[in-house]
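J.: Quick one, structure for this:
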Amino acid sequence: MTQRDIFFVANEVDELGGVGRWQAQMAGLLAERGHRVTIVGIAPANHPMDLGENPPFRTVTLHAQRPPGRPRPRRLLGSADPAVRRHDTHMRTAAERLTELFRAARPGAMIIVGQVWAMEWVALSDTAGHAVIGMTHESFETARKSSRFERVKKYYKDVDRLLALTQEDADRWVGEGMNNVGFMPNPLPIVPDTPSPRTEKVVASIGRLSHEKGVDLLLDAWAEAAPQQPGWTLRLYGRGDAEAELRRQCTDLGLDDSVDFAGQTGDVPGALRSSSLFVQSSRGEGFPLVLLEAMACGLPCVAFDCAPGVREIVGHEEDGLLARPGNTTELARHLVRLMSDDGLRDRMGEQALHNARRFDPEAITQRWEDLFDFLER
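T.: Below is the predicted model:
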């Protein structure tokens, strides 16, 4: 196996969230195989996560603080506007640091750009002939509703490979004229020694308390489900800007006795093992790691079918139940069905435990190795 220099370039080195966790995990997995791995962040993280005392990879951050967006040039000055010139000079200076890193790398190096904002810096750098792999860590539909959609088409059109998270999303990007598209699922983030016994009357939800994660929709669904299954608790793990509003909603719905705002947890496997069922109510997702984590702990999952990545992970009526996006009555019905039927919950939980192994970290890492070999030919 060729030992390579591998660069992960993203918005931040250690931002708490799905992309940051994926990046740190993949960097560690590739470092374990003998590769020399560097994570490059454009700016410092707003909410940094702990990478451990001695991570097996190097980290570099290009800017001391998050750079502002490029100012709109004044009409008569155009690109000669001093504010625009200062911004562009600052950005080019940071890109020169990337160039130095890439030029110092051994032949066969790989540059993996995890977010399209970071690709703007890579595009300004000299990649020294190394292969560049761009990634979009959200569904096609989520990207299409944001400014990132046109930027993906602009900045990733000439990379060696653009990776979506599912074949379905990859096909959608091909339909947009991108002819360099493949897909790569995320690896299983945890492989717990002991799964949940599914004996506690607890439904777990883990994620930011934000509009995108749809916890308001989950509370509406819980208001329908909880009266039908007394004694069950909905335990919400996470923090976020919407917490105060969600607590008010919980009180207004009369749910204070059956909803536990448990805060952020540093022990996801422990939180899942003390639950019997997992629910995700997001309005949009990419390839949600927390669903993989829940399944790896033997929990059946109930979720909104809001993205190809969700239905790639959860098989409806096999290891979980999927509701139409935003349909809180259907979500409530699925929750009640699993809360009320121990046998169904156990059967789906055991199937979830088995199916999660499709995303075994070693298998996904080997897929990356195969891609590297292919791009070097």
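
J.: When you work out contacts or count neighbours from here on, use the C-alpha atoms and nothing else.
T.: Will do.

J.: show me what contacts the residue nearest to residue 62 when sequence neighbours are not counted?
T.: What sits nearest to residue 62 in space, not counting adjacent residues and going by Cα to Cα, 6 or more residues apart in numbering, is residue 42, at 5.1 Å. By Cα atoms under 8 Å, 6 or more residues apart in numbering, residue 42 lies in contact with 9-13, 61-63, 66, 118, 121.

J.: list the buried ones in stretch 347-366?
T.: 347-353, 355-357, 359-361, 364-365 (16 or more other Cα atoms under 10 Å).

J.: now stretch 85-105
T.: Going by neighbour count (16+ other Cα under 10 Å), the buried part of stretch 85-105 is 85, 91, 93-99, 101-102, 105.

J.: ditto for stretch 267-277
T.: 268-269, 271-277.

J.: any idea which element residue 149 lies in?
T.: Assigned by DSSP states H and E, residue 149 belongs to helix 148-155.

J.: Please list the outside residues in contact with that helix.
T.: By Cα under 8 Å, 6+ apart, helix 148-155 touches 116, 119-120, 123, 136, 143, 178.

J.: Please name every helix or strand in contact with the helix or strand bottoming out on mean pLDDT in the chain.
T.: Across the helices and strands of the chain, mean pLDDT, DSSP states H and E gives its lowest value to helix 82-103, namely a mean of 88. Helices and strands touching helix 82-103, by 3 or more Cα pairs under 8 Å, 6 or more residues apart in numbering; DSSP states H and E, are helix 116-124.

J.: thinking again about what came up before, what lies in contact with the least confident helix or strand of the chain?
T.: Contact partners of helix 82-103, identified using Cα under 8 Å, 6+ apart, comprise 62-63, 70-73, 79, 121-122, 124-128, 130.

J.: Go again with 10 Å.
T.: The set of residues external to helix 82-103 that reach it, using Cα atoms under 10 Å, 6 or more residues apart in numbering, is 5-7, 9, 38, 40, 42, 60-63, 67-74, 77-80, 104, 109-111, 120-130.

J.: In ChimeraX, select just the buried ones from these.
T.: To isolate the buried ones among these in ChimeraX, judged by 16+ other Cα under 10 Å, type:
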select :5,6,7,9,38,40,42,60,61,62,63,109,110,111,120,121,122,124,125,126,127,130
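
J.: In strands only, show me the contacts of helix 82-103.
T.: Under the assignment DSSP state E, those contribute 5-7, 9, 38, 40, 60-61, 110-111 to strands.

J.: Let's have those residues in TSV, adding pLDDT and distance to residue 316.
T.: Formatted as TSV, the ones in strands among the contacts of helix 82-103 follow (pLDDT from 0 to 100; distance: Cα to Cα, whole Å):
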residue	pLDDT	distance to residue 316
5	98	41
6	98	37
7	98	37
9	98	35
38	98	39
40	98	38
60	97	42
61	97	42
110	98	37
111	98	36
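
J.: Adding distance to residue 203, write those out as a markdown table.
T.: Listed next are those as a markdown table, based on distance: Cα to Cα, whole Å:
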| residue | distance to residue 203 |
| --- | --- |
| 5 | 43 |
| 6 | 40 |
| 7 | 39 |
| 9 | 36 |
| 38 | 39 |
| 40 | 38 |
| 60 | 40 |
| 61 | 39 |
| 110 | 42 |
| 111 | 40 |
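
J.: which one of the residues you listed is nearest residue 205?
T.: residue 9 (30.1 Å; Cα to Cα).

J.: hang on, the earlier thing: tell me which of the buried residues of stretch 347-366 fall in helices.
T.: 347-353, 355, 361, 364-365 (DSSP state H).
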